[in-house]
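J.: Build the 3D model from these lines:
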Amino acid sequence: MSATPTTQEQQLIAAARGGDEAAYGRLVESYRGELHAHCYRMLGSVHDAEDALQEALLRAWRGLPRFEGRSSLRSWLYTIATNTCLNAIAKRPKRVLPIDYAPAADPHEGPGEPVIESVWVEPYPDETLGLEDGFASPEARYEQRESVELAFVAALQNLPPNQRAVLILREVLGFSAREVADSLETSVPSVNSALQRARKTVEERLPEQSQQATLRALGDDGLREVVDGYVEAWQRGDVEAVVSMLTEDASFTMPPLRTWFHGRDEIGIFLAGWPLSGLWRWRPLLVRANGQPALAFYSWDDDEQAYLPFALNVLTLRGDRISDVTAFISRATPVPDREVIARLPEQPPDAERTAAAFENFGLPERLD
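T.: Below you'll find the predicted structure:
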């Protein structure tokens, strides 16, 4: 992955070393998007990724006089970003999805209490942030969008931090074992050993087919048919039709609620008793998140006389059926009481969750 800097890059490096902040900004701008995606894969959170990226770029600015050009600028920036993420991981709990946090719940009891601390994987606005298609390098094993799919990012969070870094640097970004060893200040045999263990763990957790492969097999028309059918059934309040579009072993999760439901019958009971009970009116907008189709659901608010953001539902497909719905809820409740939570669409928005599930995707604040 080593690359000789262009003449323009050499000029910008020289100017930045001399204290030219504008030159430094131009120097790192072309790497910002891919570094952000790297931090997201490491941390599972857009918010944490932004913090880590800003800290990494500040460290790089301060350390630029010591950059000797023995590696490419890109490799050097990734070294700094990776180690910044490793420091962040050491200070906070890992990010997970509800299926990795607690067992499936009884749907008759409805949605349970939220987990207040920040333990949840967040949705990633890959199109808004300009993530490119294809592979990051010829040596990479995973496509760039494949590597931000929810299942992949959730699997990464279950790896020890160094294994996580090794797998991303080697398999997603295509850096050599020697480059990774230099970045992590370890040996090539240690990198190879960590990669072997990481591969085993991740492959055990991933579905047989990535979402990118599934979407290509469906084609645009096939995907439109699935999503349109789901939206129409939801807006009719047709629980039977919604459930018929799910796989037998489907899951329905709702971070920050720890509650999740497993299987068609259980999901149907939950839908009929709560979101599709007829108590609320919904309007969805189609968007993409984590390289997957997603629906931004707005719920009607009588006081505002408008539809307000409620949840970003990321859909995971298996063939032409939906195997997982991950609904990132943007509302908060001041009282962690099950009866209050059962009427969550009537609760106020949470600023941080709304940012993660709506603002980051450029979605409107309301629908009139």
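
J.: what ranges do the helices span in the stretch 101-250 of the chain?
T.: Under the criterion DSSP state H, counting those that start in this stretch, helices of the stretch 101-250 of the chain are mapped to 150-157, 161-167, 177-184, 188-205, 211-236, 239-244.

J.: need those in a markdown table with mean pLDDT and distance to residue 252, can you?
T.: The C-beta positions use only the backbone N, C-alpha and C, and glycine is treated the same way. Below are those laid out as a markdown table (pLDDT from 0 to 100; distance: least, Cβ to Cβ, whole Å):
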| stretch | mean pLDDT | distance to residue 252 |
| --- | --- | --- |
| helix 150-157 | 97 | 14 |
| helix 161-167 | 98 | 27 |
| helix 177-184 | 97 | 38 |
| helix 188-205 | 97 | 19 |
| helix 211-236 | 97 | 12 |
| helix 239-244 | 98 | 10 |
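
J.: Dump these into a markdown table; add mean neighbour count and distance to residue 365 as well.
T.: Listed next are the helices of the stretch 101-250 of the chain as a markdown table, based on neighbours: other Cβ atoms under 10 Å; distance: least, Cβ to Cβ, whole Å:
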| stretch | mean neighbour count | distance to residue 365 |
| --- | --- | --- |
| helix 150-157 | 22 | 25 |
| helix 161-167 | 23 | 35 |
| helix 177-184 | 20 | 41 |
| helix 188-205 | 15 | 36 |
| helix 211-236 | 15 | 21 |
| helix 239-244 | 17 | 27 |
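
J.: Quick one: closest of the ones you listed to residue 60.
T.: Among the helices of the stretch 101-250 of the chain, helix 177-184 comes nearest to residue 60, with 13.4 Å by Cβ to Cβ.

J.: What strand or helix carries residue 298?
T.: Using DSSP states H and E, residue 298 falls within strand 292-301.

J.: So what are the sheet partners of that strand and their directions?
T.: Sheet pairing here is set by DSSP bridges, and for strand 292-301 it gives strand 282-289 (antiparallel), strand 306-318 (antiparallel).

J.: okay, those strands, which one's buried deepest?
T.: strand 306-318 (a mean of 23; mean count of other Cβ atoms under 10 Å).

J.: How far off centre is that one?
T.: Remark: strand 306-318 is offset 14 Å from the chain centroid, using Cα atoms, centre = their mean, to the nearest Å.

J.: which of the residues in the worst-scoring helix or strand of the chain on mean pLDDT are buried?
T.: Within the chain, no helix or strand scores below helix 338-341, which has a mean of 80 by mean pLDDT, DSSP states H and E. Neighbour counts over helix 338-341 (16 or more other Cβ atoms under 10 Å) mark residue 341 as buried.

J.: hmm, back to that, export the strands paired with strand 292-301 to a markdown table and tack on mean pLDDT?
T.: Listed next are the strands paired with strand 292-301 as a markdown table, based on pLDDT from 0 to 100:
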| stretch | mean pLDDT |
| --- | --- |
| strand 282-289 | 97 |
| strand 306-318 | 98 |
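
J.: Now render those strands as JSON lines, adding distance to residue 114.
T.: Shown next, in JSON lines, are the strands paired with strand 292-301 (distance: least, Cβ to Cβ, whole Å):
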{"stretch": "strand 282-289", "distance to residue 114": "20"}
{"stretch": "strand 306-318", "distance to residue 114": "13"}
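
J.: From residue 162, how far out is the closest residue to residue 166 other than its chain neighbours?
T.: Of all residues not flanking residue 166 in the chain, residue 194 sits nearest, at 4.4 Å (Cβ to Cβ, 6 or more residues apart in numbering). For residue 194, the distance to residue 162 equals 6 Å [Cβ to Cβ, to the nearest Å].

J.: ditto for residue 134
T.: Going from residue 134 to residue 162 by Cβ to Cβ gives 27 Å.

J.: do residue 215 as well
T.: Separation of residue 215 from residue 162 (Cβ to Cβ): 32 Å.
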